[in-house]
Every structure is written in structure tokens, then in C-alpha cells.
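> A structural model of the following input is requested.
(one chain, ligands or ions: 1)
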Amino acid sequence: MAGLNQEWMTRACEAIPGGVNSPVRAFASVGGTPRFIKQASGCRVTDVDGTSYVDLVCSWGPALLGHAHPQVVAAVQEAAARGLSFGAPTGAEVELAERIRARVPVAEHVRLVSTGTEATMTAVRIARGATGRDKIVKFAGCYHGHSDALLAAAGSGVATQGLPGSAGVTVAAAADTIVLAYNDFDELRSLFERIGGQIAAVITEAAPANMGVVTPAEGFNAEIRRLTAEHGALMILDEVLTGFRVGASGWWGFEAGVEAPEWVPDLITFGKVVGGGMPLAAVGGRREVMDLLAPLGPVYQAGTLSGNPLATAAGIATLDLAKPEVYDRVDARSAELQRLVGDALTGAGVPHVIQTAGNLFSVFFREKPVIDYADAQDQDTAAYGRFFHAMLDGGVALPPSAFEAWFLSVAHDDAAMETVETALKQAARAALPTGESIR
Ligand SMILES: *Cc1c(COP(=O)(O)O)cnc(C)c1O
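Numbering: from 1, shown residues only. Sure thing, here's the model as predicted:
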């Protein structure tokens, strides 16, 4: 089954730690051999054995338009022909920043970086620079990239690996990070009552999707906003995953509304879709706060490849193609997929809950809804492993971890849905608590 994939994995493990350049690709929590991808087109990826899969990972989010969209590829090719990197400003950087502002007006000023990790790390630094305070509050199970301060209780990759946090993070770096339970209003209020004056920022995933999808309780984001404002702290809304994916203006636009927003964060971070599959991310926010960045202000941040011309070309092409119809279509496909999965699992008698945040969703093998990280950890991850492999055998590539959202694209077609429906028949049975390991 996994012939050439296994050969590549063996070779990879000789040259690369664990054979992968990002841990969750390693199949550590589901077992088996990762598929080495040779090419991808639309909603399908093809591995080195020539086997194609309906892709429900979509590069962990970026491939909103499907893989290798011809217009995005053409934009990148044209940009490449004009030069790969200049280390000087370009018009395309301005054009992308303008598009981000137009869709998410709270991002009055935008700085482009190369990864989501950089975006959130920069947001934290700005918040500390703006407030002169040290403490950062985050929620257990929310992932904000792998910078030292934000790696505590960080969801998916870390949860998948079963590590408590990370070795190599100093006590000092972790000491200023306070981790609270997600969706817990009381815990948040009491923290602010006690030490509100020391808190630089609360950072939160706009809608958490890195412990599986956990829908924000009604008013939770607004309460973060209210408390931070009252105590002179900033609110950092991490939309690296949700931005431009759950809607044209991300989760913020979806929940707060763009025209007369119910609440606005001070800083907002983007990644994934905004780079259209290229290494590009962004931090934006209120002008006064963003202008603390060098060269205007005292908060230093830089990047040799920031705003790279190929990446900005992909980002601009992607946003221009991501029109309202695209989101309508992805929403509809998501609803259809949820129904297929729900019917198959219910039909087979598998205990499960499907949780959504706009068109994002994930399936937890447990009886009750997940409201925080402790709940997310209390699921049958072994059942997910069996389910995952049965789906893979049926030609469907799910995220190789129970702690992830499933991703769709506008390119997922009826044929893909049929493949999924057929694969689900075997997979639902494999997910039964008594299911045999089929590997
Ligand atoms: C993926 C992700 C990040 C990190 O982005 P990278 O580009 O992988 O560094 C940060 N925050 C959230 C919410 C993410 O989903």
C-alpha cells in the first residue's frame, strides 16, 4: 500500500528529524506512513505511488480555492519571471495590504510577514511595547504558532505529540504567559480583577480550531474585548486559520459584523489563506498601535523575505478570486459533508459530536459537546486513528490528528463527495469502540 511513501519516509528520517518539517505531518497520533505528495490539483492530492486522495486538509487551510488554481499559479509564475526577491518595497505589498484593510477594516495598518508564528509573535511584542506590561493571557488548546511565549498548552501539534508544552522554552519566557480555560467567563473576569493592571494582552483564536473546532460561547470574544479595554490591555484576535476562510472578513466579520461591529480587537493576525499557499502572513490593527513598529516606533520587527513578490502575488490572486460565491459554495459543501459524516456515524452507532465554526468543523468521538481543551482531550483518539486509516484506504485524506479542523475548498465537487460517502461506510464501522485496527 505505502510502497514508495515508505521508501521516502525511511530516507526522510535519515535527513530530517522525524522525517517531516512540521510535526503533525508525521502521522504520530494515527500511526502508519505519511503520504509523500507528488502533486495536487483542485480538491485532490496525489502521492508518490500515484494514488489520489480527496483532500480534506487543504494545506491546513490555505487552499480555499483548491490546489494549483490556474489563475493563482499564473500570478506566481508571472511574478517569478520578474524576480524572486528584492529586499526593497513593491507595489504588490501595498495592494495586498489594501485588500486586507478593505475586508477587515480593523486592520488599519498591516505588516506582512512570512508565517503565522511571526505574526502572533509580533502582535505580542507590539502589545507589550504599547502597554509597558509583561503578562500575556492565552487559552488552553489555542495554538498561536511556536514562539516561546505562546507555546504553553498549545493544542493540536503539541497535543498530538503528547508533550506538556515544549522543552527549550525557559521558565522566564513561560512565566509571563497565563493560560486559562477557553469559554470560561468567570476565570477570565477573576484574573482581570486580581491582576488586570499587569496584563499586556489577551490573545485568542477568533474561533478555536487547533484543538478541533470549539465554537466560542455567545459573547465570549466580546467579553475579552470588554475586560481588556477596561483594564488597559490589548485584545489580539488570531485569525491565522479563520481569516479569509470562514468568510470574506474572517470570523470577526462573521461574529461581530463589518459595517457596525459589535466589538473590535486592537490587533489581528492572518496567515494561511492570505498567502494563497505561499509563505505569507500578516499582523494588522489600529493605526496608533501598529505604528509602534520600526521604523516609526520603538518595537523592532523585520524580515528579509517579508512581503515576498511571489507570496504577495499568490495572496492578491487568491483574495481577488475569493468572492462571496466562493464562501457560499464552501459553506454549502461543509454542511453537506457534515451531514454525510453524521449520517454514517449515527447509522453505525458511533458516539460522536460534530462541532462547527462557520464552514470549519471537526468530529469528536465522544458523547458531549466540547467547550474547552479538557473536553477536547477527553475523546476516543484511537477511534479517530482507525477512522482516519479507513478513510485513507477509501481515498480520502483527513487531517492526521483528532485535534484538527477538516478543510474544504471551492473545488470539492460532487465526485469528491461521492468518494467521501463511499469511504465513510467502512470508516464509520472502524470508528466503533470495538473497531478493529485495520492497519
Ligand atoms: C497555523 C496557525 C498559526 C501559525 O501559523 P504558521 O504559519 O504555521 O506559523 C498561528 N495561529 C493559528 C490560529 C494557526 O492556526
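> Next up, phi/psi of the closest residue to the ligand within the stretch 101-250 of the chain, please.
Residue nearest to the ligand within the stretch 101-250 of the chain: G116 (2.1 Å; CB to the nearest ligand atom). The way it works is simple: take the backbone N, C-alpha and C, and place the C-beta from them, glycine included. Note on G116: its backbone torsions stand at phi -60, psi -40 [degrees, to the nearest 10].
> Skipping adjacent residues, who's closest to it in space?
The shortest distance from G116 to any non-neighbouring residue, by CB to CB, 6 or more residues apart in numbering, is to G271 (3.2 Å).
> So M121 sits against S147, correct?
Yes: using CB atoms under 8 Å, M121 and S147 qualify as a contacting pair, with a distance of 3.9 Å.
> Between the two, tell me which one has more neighbours.
More crowded of M121 and S147, by other CB atoms under 10 Å: M121, with 22 against 16.
> For the more buried one, which three-state class applies?
Using DSSP: H, G, I helix; E, B strand; the rest coil, the structure places M121 in helix.
> if I look at it, how far off is W251?
Going from M121 to W251 by CB to CB, to the nearest Å gives 21 Å.
> Can you name the residues of the stretch 251-400 of the chain that neighbour the ligand?
Counting by CB under 6 Å from any ligand atom, the stretch 251-400 of the chain comes close to the ligand at 271, 281.
> In the stretch 251-400 of the chain, which residue sits closest to the ligand?
G271 (4.5 Å).
> Report the contact partners of that residue.
Counting by CB atoms under 8 Å, 6 or more residues apart in numbering, G271 makes contact with 115-116, 119, 240-241, 243, 280-282.
> swap in G197?
133, 231-232.
> Tell me the most packed of these, by neighbour count.
R133 (21 neighbours).
> Leaving out chain neighbours, which residue sits closest to that residue?
A200 (4.1 Å).
> Who are the contact partners of the closest residue in space to N359 that isn't next to it in sequence?
Among residues not flanking N359 along the chain, S334 sits closest, at 4.0 Å (CB to CB, 6+ apart). Contact partners of S334, counting by CB under 8 Å, 6+ apart, are 356, 359-361, 408.
> care to break the protein down by domain?
4-64+324-430, 70-321 (the TED database).
> Make CSV from the ones you listed and add mean pLDDT to it.
Formatted as CSV, the domains of the chain follow (pLDDT from 0 to 100):
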stretch, mean pLDDT
domain 4-64+324-430, 97
domain 70-321, 95
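> so the residue nearest to G42 when sequence neighbours are not counted is in which element?
Closest residue to G42 apart from its sequence neighbours, by CB to CB, 6+ apart: A411 at 3.8 Å. For A411, there is no host helix or strand (DSSP states H and E).
> any idea how far the spatially closest residue to G87 that is not a sequence neighbour is from P62?
The shortest distance from G87 to any non-neighbouring residue, by CB to CB, 6+ apart, is to T304 (6.6 Å). Separation of T304 from P62 (CB to CB) stands at 22 Å.
> What segments of the stretch 251-400 of the chain are helices?
Assigned helices in the stretch 251-400 of the chain, in chain order: 287-290, 309-321, 324-348, 373-377, 381-393 (criterion: DSSP state H, counting those that start in this stretch).
> Flag every buried residue along whatever helix or strand V54 lives in.
In the assignment (DSSP H and E), V54 maps to strand 52-55. If you call a residue buried by 16 or more other CB atoms under 10 Å, then strand 52-55 has these buried ones: 52-55.
> count of residues packed around the residue nearest to G87?
Other residues close to T304 by other CB under 10 Å number 8.
> I'd say it and A88 touch.
No: using CB under 8 Å, T304 is not in contact with A88; the gap is 11.5 Å.
> need the contact list for the residue of the stretch 101-250 of the chain closest to the ligand.
Here G116 is in contact with 144-145, 238, 240-241, 269-272, 281 (CB under 8 Å, 6+ apart).
> how about 10 Å then?
For G116, the contacting residues are 60-61, 143-146, 238-241, 243, 269-272, 274-275, 279-283, by CB atoms under 10 Å, 6 or more residues apart in numbering.
> again with G297
126, 129-130, 288-291.
> who wins for most neighbours among those residues?
For the contacts of G297, the largest number of neighbours (other CB under 10 Å) sits with I126, at 27 neighbours.
> Could you verify that it is part of a helix?
Yes: counting by three-state DSSP, one finds I126 located in a helix.
> tell me which residues in stretch 209-221 are buried?
Neighbour counts over stretch 209-221 (16+ other CB under 10 Å) mark 209-216, 220-221 as buried.
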